[in-house]
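Engineer: Next come a sequence and a model predicted from it.
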Amino acid sequence: MGILTWLGRRFRRPPDPIDPHLWHETTGASALFADLNADELARLKTLAEELLAEKEIVASDGPDPDGAERVNLAATCALPVLELGARWYRGWWTIVLFPDVYRRSWTEEDEFGIVSEYEDDVEGEVLQYGSVILSRRNLAGSNSTVVIHEMAHQLDRITGEIDGVPPLHPEMNAGEWVDVFDRRLEELRRLVDRGRRGPLEEYAAESREEFFAVASERFFAAPVILERSLPDIYALLRAFYRQDTAARRRRT
Ligand SMILES: [Zn+2]
């Protein structure tokens with residue numbers, strides 16, 4: 001996509017201000033925003049307005065999303081980029097809401113050429129060209145972190161490949177990122193293999209990218225627990241998101 005096309009879409013329409021009452025109601029109902037101070041909430045609102053102007057939110061098979069649903073979604077999408085800016089979500093345009101989890105099937109070929117077919121229920125997914133699919137059923141809950149999970153994949157995708165390594169800031173070290181994530185991923189896999197509980201849910205053991213996305217959910221929803229159980233992962237996420245969510249939690 002050329003820069004003019006990109007700019008044309010980026011400024012498709014100027015952001016409309018979100019009704020303050022609706023904003024207050026929506027953010028007040030979600031635990032994800034409970035630690036933010038007035039300044040952070042004001043910046044989150046501006047970001048959410050930019051995202052609402054920039055992204056299409058459409059319902060597949062169900063009523064159009066109402067104001068509260070749109071604002072809740074935009075505010076949750078905005079949280080990971082609060083200190084990074086909306087430009088980190090450039091290059092994708094659509095969020096598609098499904099009424100419930102949906103069934104996905106895919107095939108995988110192993111190293112011996114044996115093809116297996118899989119099916120599972122999906123709550124959210126980032127498609128190849130960046131559209132996000134989300135199951136609507138879970139969005140309303142105050143502890144829903146599926147949006148954070150998918151936004152982590154979107155940030156990871158900026159480098160052209162979803163591999164658990166988002167574009168790191170100049171002061172960060174990519175080698176350290178990969179080492180720490182891979183070591184923690186291996187530890188979790190060993191625990192899962194022995195049927196034991198790890199510091200993150202089992203799904204994080206799938207791959208480095210899922211570990212990053214699940215750890216990002218925890219970083220925003222339960223930061224003090226993450227900081228205690230995986231301090232090195234917490235420190236890397238704090239450096240990447242440029243937010244100290246555990247300090248923010250302790251502040252409140
Ligand atoms: Zn995922």
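Structural biologist: Cool, the structure landed.
Engineer: Just the strands from the stretch 1-150 of the chain, written as ranges.
Structural biologist: Counting by DSSP state E, counting those that start in this stretch, the segments of the stretch 1-150 of the chain that form strands are 56-59, 94-98, 102-109, 115-122, 124-126, 132-135.
Engineer: TSV please, covering those strands and showing distance to the ion.
Structural biologist: Every C-beta, even on glycine, is put in place using the N, C-alpha and C of the backbone. Shown next, in TSV, are the strands of the stretch 1-150 of the chain (distance: least, C-beta to the ion, whole Å):
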stretch	distance to the ion
strand 56-59	20
strand 94-98	15
strand 102-109	12
strand 115-122	9
strand 124-126	7
strand 132-135	11
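Engineer: Nearest to V224 among these would be which one?
Structural biologist: Taking C-beta to C-beta, strand 124-126 is the member of those nearest to V224, at 25.0 Å.
Engineer: Show me how far the closest one is from its chain's centre.
Structural biologist: In terms of C-alpha atoms, centre = their mean, to the nearest Å, the centre of strand 124-126 is found 10 Å from the chain centre.
Engineer: where's the residue of the chain most remote from its centre relative to S105, distance?
Structural biologist: Distance from the C-alpha centroid of the chain peaks at F112, with 34.3 Å (C-alpha atoms, centre = their mean). Taking C-beta to C-beta, to the nearest Å as the measure, F112 and S105 are separated by 21 Å.
Engineer: Nearest residue to the residue of the chain found nearest the ion in space, please, no chain neighbours.
Structural biologist: Here the residue of the chain nearest the ion is A213; by C-beta to the ion that distance is 4.5 Å. The spatial neighbour of A213 that comes closest, neighbours along the chain excluded (C-beta to C-beta, 6 or more residues apart in numbering), is A152 at 4.2 Å.
Engineer: Please apply the same query to E176.
Structural biologist: Here the nearest residue to E176 in space, its sequence neighbours aside, is L236; by C-beta to C-beta, 6+ apart that works out to 7.6 Å.
Engineer: Helix or strand for that neighbour, just tell me which one.
Structural biologist: Here L236, judged by DSSP states H and E, is contained in helix 231-241.
Engineer: got a list of what the residue lying closest to A204 once chain neighbours are set aside touches?
Structural biologist: Excluding its sequence neighbours, the residue lying closest to A204 (C-beta to C-beta, 6+ apart) is V214, at 3.8 Å. With C-beta atoms under 8 Å, 6 or more residues apart in numbering as the criterion, the residues that contact V214 are H149, L200, E201, Y203, A204.
Engineer: which of those residues are close to the ion?
Structural biologist: Among those, no residue sits close to the ion (C-beta under 5 Å from the ion).
Engineer: May I see those residues organised as a markdown table, with pLDDT added?
Structural biologist: Formatted as a markdown table, the contacts of V214 follow (pLDDT from 0 to 100):
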| residue | pLDDT |
| --- | --- |
| H149 | 95 |
| L200 | 97 |
| E201 | 94 |
| Y203 | 94 |
| A204 | 97 |
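Engineer: Check the residues you listed for burial and list the buried ones.
Structural biologist: Among the contacts of V214, those classed as buried by 16 or more other C-beta atoms under 10 Å are H149, L200, A204.
Engineer: still on that earlier bit, unless I'm mixing things up, the residue nearest to A213 is touching S216, no?
Structural biologist: Yes. Distance between A152 and S216: 3.8 Å, which falls inside the contact criterion (C-beta atoms under 8 Å).
Engineer: which residues do these two both contact?
Structural biologist: In terms of C-beta under 8 Å, 6+ apart, A152 and S216 are both contacted by the residues P80.
Engineer: And those two? Which one has more around it.
Structural biologist: Set A152 next to S216 and count neighbours by other C-beta atoms under 10 Å: A152 wins out with 29 against 25.
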